[in-house]
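Participant: For reference, the sequence and a predicted model appear below.
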Amino acid sequence: MGVPRSEPYIWATWLTSLLVGEASCEWGAWFKAHHQSYDKVPDTFDQTKWQMDHTVLLREIPEKLDPQYTIFLEDQNRFRLPGKASSIVVGGKPDLIAVKGDHGLICDAKTGQPRPSDHVQVMIYMWATPLAFRQYRTMKFEGKVVYREHEVPIPASAVDDLFVSNLGKLIRRIGASASPPKVPSAMECGFCRIASTECPERVEQPEGEQTEGPSVDLY
């Protein structure tokens, strides 16, 4: 069974599908934010193949950028961003940060089918990076989602007041002590690895059926 965390910890990717409506069950993100070492359903995802494909795609990105950029990759970009008015911590790890003078670019490599949540993931990184890293404090970041066949640029203006407000409200709900209601369904639960021992309401996929796919003031 899950072990309670000492403080709510939210990984950025737990928020993306909820922000764009690809997922509705905030309870799943809430549970992970408040628990660790919880029971999980077996993972059939081919992590090795994904890691290899992702690495190849990520390594191609700097080749297409101005050589004057200074490139920072993956774990160099890992952040842990606590809220000023709460104990909630948001964490994340942008794939690539490129810096040239006062211009910054955040890129994320995606090997799957394009989804709106891919764009929102980069937007969260664009918001969090200047807050989490002192060297980027005064910098505005642009973003880019890089797929195998095309790229989607994200202007700095996309991270506007409405986006920040909606993000902050979701972070506060996921980090709250009271849990949000569960929204179990075959689709929702098909993408969730929280086992039925932790969530008895979990809807298991019928045999033979599969779901497609693999310090701030804000909170």
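Facilitator: Looks like it arrived, so ask away.
Participant: Pull the contacting residues for Ile97.
Facilitator: Ile97 makes contact with 71-72, 76-77, 104-107, 129, according to Cβ atoms under 8 Å, 6 or more residues apart in numbering. For the C-beta atoms, the positions are set from N, CA and C on the backbone; glycine is no exception.
Participant: Can you say which of those residues are buried?
Facilitator: 72, 77, 104-107, 129 (16 or more other Cβ atoms under 10 Å).
Participant: Can you flag which of those belong to helices?
Facilitator: Thr129 (DSSP state H).
Participant: Would you mind measuring from Ile154 to Phe141?
Facilitator: Using Cβ to Cβ, to the nearest Å, Ile154 is found at 9 Å from Phe141.
Participant: Could you tell me which residues touch both of these two?
Facilitator: Contact criterion Cβ under 8 Å, 6+ apart; residues shared by Ile154 and Phe141: Met126.
Participant: quick one: low-confidence ranges for this protein?
Facilitator: Confidence mapping of the chain against pLDDT under 70 gives the ranges 206-219.
Participant: Recalculate using a threshold of 90.
Facilitator: The chain contains residues with pLDDT under 90 at 1, 43-45, 84-86, 204-219.
Participant: hey, where'd the helices end up in it?
Facilitator: Counting by DSSP H, the helices of the chain are 13-20, 26-34, 47-60, 116-132, 161-175, 186-190.
Participant: how about a markdown table for these, with distance to Lys100 added?
Facilitator: As requested, the helices of the chain are arranged in a markdown table below (distance: least, Cβ to Cβ, whole Å):
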| stretch | distance to Lys100 |
| --- | --- |
| helix 13-20 | 27 |
| helix 26-34 | 35 |
| helix 47-60 | 19 |
| helix 116-132 | 15 |
| helix 161-175 | 25 |
| helix 186-190 | 42 |
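Participant: for these, which one sits closest to Gly92?
Facilitator: Closest of the helices of the chain to Gly92 is helix 116-132, at 6.1 Å (criterion: Cβ to Cβ).
Participant: Which secondary structure elements does the closest one sit against?
Facilitator: Helix 116-132 is packed against helix 13-20, strand 79-82, strand 89-92, strand 103-109, strand 141-146, strand 151-154, helix 161-175, with contacts defined by 3 or more Cβ pairs under 8 Å, 6 or more residues apart in numbering; DSSP states H and E.
Participant: quick one, that helix and strand 141-146 angle?
Facilitator: 150 degrees (axes from the mean of the first three to the mean of the last three Cα atoms, to 10 degrees).
Participant: What are the buried residues along helix 116-132?
Facilitator: 117-132.
Participant: Met187: neighbouring residues, count only.
Facilitator: The tally of other residues near Met187 (other Cβ atoms under 10 Å) stands at 16.
Participant: One more: Tyr136?
Facilitator: Count around Tyr136 with other Cβ under 10 Å applied: 17.
Participant: do Arg80 as well
Facilitator: 11.
Participant: so it bridges to which residues?
Facilitator: On the basis of DSSP bridges, Arg80 is bridged to Gly91.
Participant: close enough to count as contact, it and Val89?
Facilitator: Yes: in this structure Arg80 lies within contact range of Val89 using Cβ atoms under 8 Å: 5.9 Å.
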